[in-house]
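K.L.:
whatever this is, show me its structure:
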Amino acid sequence: MPVLYSIADNRAELYFVAPDSTASPLPSPTFINVTLGGSPVTFSGEGGGYRSKDRLIYVFQDGEPAAYSDLYSIDPTTGVATLVKTNIVAGHVEGAEFYINNITGEEVLVIVYENGTNGGSHKVMAINPNAQGSNPAWSDYSGHPKTLTGARTTADGISWDPVGANFYIQNDDTVDYYLLDIAKGVTTYSFTSSLAVDGEGITYASDGNNYIEDEGQAGQRRRIFSVDVSTGALPPVAELESTGDVES
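P.N.:
Just a heads-up that it's a prediction; the model follows:
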């Protein structure tokens, strides 16, 4: 059974839960206090990703709008945060995902973010978390960033489908999903979810399912839902609880 991690941008808490749509009541998350240098810390970036290589959660610190965002890691067993790299992208982060390139076998961190303090279309960045040749770890891949174009030019999150080899972005509140070609920045409409959730955090888990959160906007309390990408159906799979503004 997979484990889903989530974090709010206004509370020093990391949550994790094993989703189960058949459970009654639905599973409730475990809370871990997040600290930096021994003091509680909140992360204002609206994206985060789990990296299976080191089993750490990666999050961002910035403002909105922001000229730059800094990258931090969180140990999910202790809640201890560590600065990884300053100024990793030039803007407020909206979503992030680690994936393995099916063709090259390389590990990639993909980030969607606002265009600095200038507004307009968002951008997508591909970053190599590992040192390669003369390039240190956390260097940009050649040709990035790309500006989002096509059916959707802004994003509220990003997720990678390891089976279909697709990237999805979404806009919250509706929620519409779009396919994203990260090599070009081009987006294409895919489907609309059955509930208008406050879905600012999306992800795929090890069970091959897509997941999204809602903070009561859909009238079903604060919950996590599984996303059927073929129909848009959103069966609830776990409680979200807390009062934090979950963003990833």
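
K.L.:
buried ones in stretch 146-163, by neighbour count?
P.N.:
Within stretch 146-163, the residues scored as buried using 16 or more other Cβ atoms under 10 Å are 146, 148, 152, 153, 154, 155, 156, 157, 158, 159, 160, 161. Backbone N, C-alpha and C define where each C-beta goes, glycine included.

K.L.:
no wait, stretch 34-41
P.N.:
34, 36, 41.

K.L.:
surely the last one and residue 34 touch.
P.N.:
Same thing as residue 41. Yes - between residue 41 and residue 34 there is a contact under Cβ atoms under 8 Å: 5.8 Å.

K.L.:
who touches both of the two?
P.N.:
12, 81 (Cβ atoms under 8 Å, 6 or more residues apart in numbering).

K.L.:
quick one: least confident helix or strand in the protein?
P.N.:
Of all helical and strand segments in the chain, the minimum by mean pLDDT, DSSP states H and E falls on strand 210-215, at a mean of 83.

K.L.:
what strands flank that one, and is each parallel or antiparallel?
P.N.:
strand 202-204 (antiparallel), strand 222-227 (antiparallel) (DSSP bridges).

K.L.:
other residues contacting it?
P.N.:
With contacts defined as Cβ under 8 Å, 6+ apart, strand 210-215 is touched by 4, 6, 19, 159, 161, 168, 170, 175, 193, 195, 197-205, 220, 222-227, 229, 234, 237, 240, 245-246.

K.L.:
now the buried members of these.
P.N.:
4, 6, 19, 159, 161, 168, 170, 175, 193, 195, 197-205, 222-227, 229, 234, 237, 240, 246.

K.L.:
avg pLDDT for stretch 1-19?
P.N.:
The average pLDDT within stretch 1-19 is 89.

K.L.:
ok, now stretch 140-152?
P.N.:
Stretch 140-152 shows a mean pLDDT of 96.

K.L.:
so what's residue 61 bridging to?
P.N.:
residue 70.

K.L.:
is it true that it touches residue 46?
P.N.:
No - Residue 61 lies out of contact with residue 46 (Cβ under 8 Å); the separation is 11.3 Å.
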